[in-house]
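Chemist: No letters, just coordinates:
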């Protein structure tokens, strides 16, 4: 029963990955829960941890933190046993913990590479937050390490599991709005505290593009279902602003796709943006907010009228669906719809975006 | 009384031109109507002609058409006397018609240059539709010809006279949304009949950028109140499409402004777009539709909520206000807020956009 499904999933390829039949996969997975270790108890761990309550195939069995006190506090709240608590120094002994199947790396970007390699060396599957790494070279090493260890690697692209985004993908690729001609995707927020890790080049790997602009890049790719062949970018950063001594503020970019579709993307640490629109030759679909943790809203242009478009009911929120997807992939042997290779594609495009902005020229991909 | 007003208008310069106190100018103009000759009775003349009814300082006194039958029909409808009817052959004798103060060139782009020069030679002031000409070199000749003849030259940038656009300019430049950081401006429509003049390079001077993308360019400039210093552009045209044998379909572009503001602009003949948004570091204002003949709507982000923003009541519609503005300028000796120099600025930027797309590199301005 599994082979045709696996094959059909594979056949979809990267471009159509976001539309893979996740529910079919769920049906095949045994009725048990794999154990996750959460590495890094920062702000995003606070978003992830409560979502295990809605998972069918995932539970949290370990926590890794620099602060034993914090780890114990979280352990109590989320029911993690004492033997599941690790520091960064003791992390490698996680190999001996049979309760841990998957390591979820929720650390600053600059630490993704190291902890993915250490997790794979410990024989664990890996969920790694986006951006996958600081560089494409690191991303390649991470993929190779997980492959060599025979372990899955998935990137935390939650929007692929979010109902509004999945519906927008469906509409954009269905022909209902004709052929996509122009995508606009804008993501940004006004960043605050200059001392945070996001503004430290070694920890963040870059500025707004690595952190929030990557959502614009992802949207352009998953809405069109295509890979860009050319990128042009322009950066605007006030280096006298204490927030932007090391990383860029705004870096906007344009993508050209093989079908002739073009994308205009915004990436900003200096202004608030969260929307996209796909305009085909017969109408459009848009979202605002587009990639929020909840409350994303769709609209369509239909018969020359703008209408709210209902977001289909989803069995799970995006976070739980993402966690369960990797568990299901591990149990069934199927590749995640947003595997390491998907993260690597973004890293290569991001590299081209930075190059284009720096050299004031278009860069072919 | 006139000198300080003229000076203060001049001082505003190109960037702030859109915010010139048009009402003050109207108050100074004598209570009479200058006579307009409409050159070209195509679709846009059908939009302009009915608007004279709401003018205080303008009336239509002549029509120029290749079809005497059509001219007579329009003359009857709009009360133009027989002596005000011209063909393209007899056009130059308009110099002897004292009822005509201003010639409004509503011809295909490729004829703007010739008819502006002939109008100036006939001693008439000129209103010329946008884009001003096919090339920046032609635009420079038009400005020089009108200056040598001691006549005003104004470009038909109606949005500078439209209430929603004026309000968006005011908000964007007032500091109410903080410093503008990102402008997005999208204009396009799915063009039909391959035989129309807009798809003929000699008549149109180019494709979507000359016709509809120029609204995105204008919006980025009048919303920021700045002149771009760098442009990057990417074009997508299917040359096998019978509509696009001679001119471009989509040409999207990014602008960098001296303040650090960036604009992402769409120009399309393959998809429908009509909106802009200015995002500052403290909020945003947007419009959709943004530059329609009527019904433009504004919204603002305020205290993290998106609200409809009322468009202030305006004494006149954008077309009548535009017509009267030139009449008032002629009567008071003041320069139009969108003089020939404003058209030339766009032509130079358009040239840079085409160059950027062709050479796949950023172009400095």
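Modeler: In hand now; what should we look at? As the structure is a prediction and not an experimental result, all values here were calculated from the model. Residues are numbered from 1 along each chain as shown, chains lettered A, B, ... in the order given.
Chemist: All the helices of the stretch 1-150 of chain A, in order from the start?
Modeler: Applying DSSP state H, counting those that start in this stretch to the stretch 1-150 of chain A gives helices spanning A:2-12, A:22-28, A:43-48, A:68-78, A:112-121, A:136-148.
Chemist: tell me the most buried of those helices?
Modeler: Stretch with highest mean neighbour count among the helices of the stretch 1-150 of chain A: helix A:112-121 (a mean of 23; mean count of other C-beta atoms under 10 Å in any protein chain shown). (C-beta placed from N, C-alpha, C; glycine too.)
Chemist: mean confidence score for that one?
Modeler: Averaging pLDDT along helix A:112-121 gives 98.
Chemist: Residue A:233 is in contact with residue A:250, isn't it?
Modeler: No: Residue A:233 lies out of contact with residue A:250 (C-beta atoms under 8 Å); the separation is 10.3 Å.
Chemist: Can you name the residues that contact residue A:103?
Modeler: Contact partners of residue A:103, counting by C-beta atoms under 8 Å, 6 or more residues apart in numbering or on different chains, are A:36-37, A:39, A:94, A:115-116, A:119, A:122, A:124-127.
Chemist: Let's see that with 10 Å instead.
Modeler: A:36-39, A:62, A:64, A:91, A:94, A:115-116, A:118-120, A:122-128, A:151 (C-beta atoms under 10 Å, 6 or more residues apart in numbering or on different chains).
Chemist: Without its sequence neighbours, what residue ends up closest to it?
Modeler: residue A:119 (3.7 Å; C-beta to C-beta, 6 or more residues apart in numbering or on different chains).
Chemist: I'd say the one you found and residue A:97 touch.
Modeler: No: Residue A:119 lies out of contact with residue A:97 (C-beta atoms under 10 Å); the separation is 11.8 Å.
Chemist: so what sits against both of the two?
Modeler: residue A:37.
Chemist: buried sites along stretch A:229-248?
Modeler: Neighbour counts over stretch A:229-248 (16 or more other C-beta atoms under 10 Å in any protein chain shown) mark A:230-237, A:243-244, A:247-248 as buried.
Chemist: what do residue A:233 and residue A:250 both touch?
Modeler: Shared contacts of residue A:233 and residue A:250, defined by C-beta under 10 Å, 6+ apart, are found at A:209, A:213, A:267.
Chemist: Can I take it that the second one is in a helix?
Modeler: Yes: secondary structure assignment places residue A:213 in a helix (DSSP: H, G, I helix; E, B strand; the rest coil).
Chemist: number of nearby residues for it?
Modeler: By other C-beta atoms under 10 Å in any protein chain shown, the residues close to residue A:213 number 31.
Chemist: which residues does it contact?
Modeler: Contacts of residue A:213 by C-beta under 10 Å, 6+ apart are A:131, A:185-188, A:206-207, A:233, A:248, A:250-253, A:265-269, A:273, A:350, A:353.
Chemist: quick one, helices of the stretch 151-300 of chain A?
Modeler: A:163-174, A:201-204, A:208, A:214-224.
Chemist: thinking again about what came up before, can you redo the shared contacts of residue A:233 and residue A:250 as CSV with distance to residue A:193?
Modeler: Shown next, in CSV, are those (distance: C-beta to C-beta, whole Å):
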residue, distance to residue A:193
A:209, 19
A:213, 20
A:267, 20
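Chemist: Just to be sure, residue A:329 is in a helix?
Modeler: Yes: under three-state DSSP, residue A:329 sits within a helix.
Chemist: my read: it touches residue A:126, true?
Modeler: No: under the criterion of C-beta under 10 Å, residue A:329 makes no contact with residue A:126, lying 11.7 Å away.
Chemist: if we can go back for a sec, now, which of the contacts of residue A:103 lie within strands?
Modeler: Taking DSSP state E, the ones among these that sit in strands are A:36-39, A:62, A:64, A:125-128.
Chemist: which of those are buried?
Modeler: Buried members of these, counted by 16+ other C-beta under 10 Å: A:36-39, A:62, A:64, A:125-128.
Chemist: could you redo those as JSON lines and give each row distance to residue B:308?
Modeler: Listed next are these as JSON lines, based on distance: C-beta to C-beta, whole Å:
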{"residue": "A:36", "distance to residue B:308": "45"}
{"residue": "A:37", "distance to residue B:308": "48"}
{"residue": "A:38", "distance to residue B:308": "43"}
{"residue": "A:39", "distance to residue B:308": "46"}
{"residue": "A:62", "distance to residue B:308": "50"}
{"residue": "A:64", "distance to residue B:308": "48"}
{"residue": "A:125", "distance to residue B:308": "49"}
{"residue": "A:126", "distance to residue B:308": "47"}
{"residue": "A:127", "distance to residue B:308": "42"}
{"residue": "A:128", "distance to residue B:308": "42"}
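Chemist: out of these, which one sits closest to residue B:79?
Modeler: Using C-beta to C-beta, residue A:128 is the member of these that lies nearest residue B:79, at 74.6 Å.
Chemist: Any idea what that closest one is bridged to?
Modeler: Residues in a beta bridge with residue A:128, per DSSP bridges, are residue A:105, residue A:155.
Chemist: Show me the domain layout of chain A.
Modeler: Taking automatic domain parsing as the reference, chain A has its domains at A:2-159+A:317-334, A:163-313+A:348-364.
Chemist: Straight-line length of the last one, end to end?
Modeler: This points to domain A:163-313+A:348-364. 33 Å (C-alpha to C-alpha, to the nearest Å).
Chemist: Stretch A:26-35 now?
Modeler: Start-to-end span of stretch A:26-35 (C-alpha to C-alpha) is 17 Å.
Chemist: report the longest helix in chain A, please.
Modeler: Using DSSP state H, we find that the single longest helix of chain A is helix A:340-359.
Chemist: per-residue confidence at the residue nearest the centre of chain A?
Modeler: The residue lying closest to the centre of chain A (C-alpha atoms, centre = their mean) is residue A:157, at 2.0 Å. We have a pLDDT of 98 for residue A:157.
Chemist: So for it, what's the nearest residue that isn't a sequence neighbour?
Modeler: residue A:338 (4.3 Å).
Chemist: measure residue A:33 to chain B for me?
Modeler: Look at residue A:33 and chain B: by C-beta to the nearest C-beta, to the nearest Å, they are 37 Å apart.
Chemist: whoops, residue A:172 was the one
Modeler: For residue A:172 relative to chain B (C-beta to the nearest C-beta), the value is 12 Å.
Chemist: try residue A:27
Modeler: From residue A:27 to chain B the distance is 39 Å (C-beta to the nearest C-beta).
Chemist: Kindly report the same for residue A:161.
Modeler: 26 Å.
Chemist: Count the residues that sit near that residue.
Modeler: Other residues close to residue A:161 by other C-beta under 10 Å number 24.
Chemist: How about the one 4 residues further on?
Modeler: Counted with other C-beta under 10 Å, the neighbours of residue A:165 add up to 27.
Chemist: Please verify my assumption that it contacts residue A:218.
Modeler: Yes: Residue A:165 lies in contact with residue A:218 (C-beta under 10 Å); the separation is 9.2 Å.
Chemist: okay, and the common contacts of the two?
Modeler: With contacts defined as C-beta under 10 Å, 6+ apart, the residues shared by residue A:165 and residue A:218 are A:18, A:157, A:159, A:276, A:291.
Chemist: Now intersect the residues you listed with the strands, please.
Modeler: Judged by DSSP E, the shared contacts of residue A:165 and residue A:218 include residue A:276 as members of strands.
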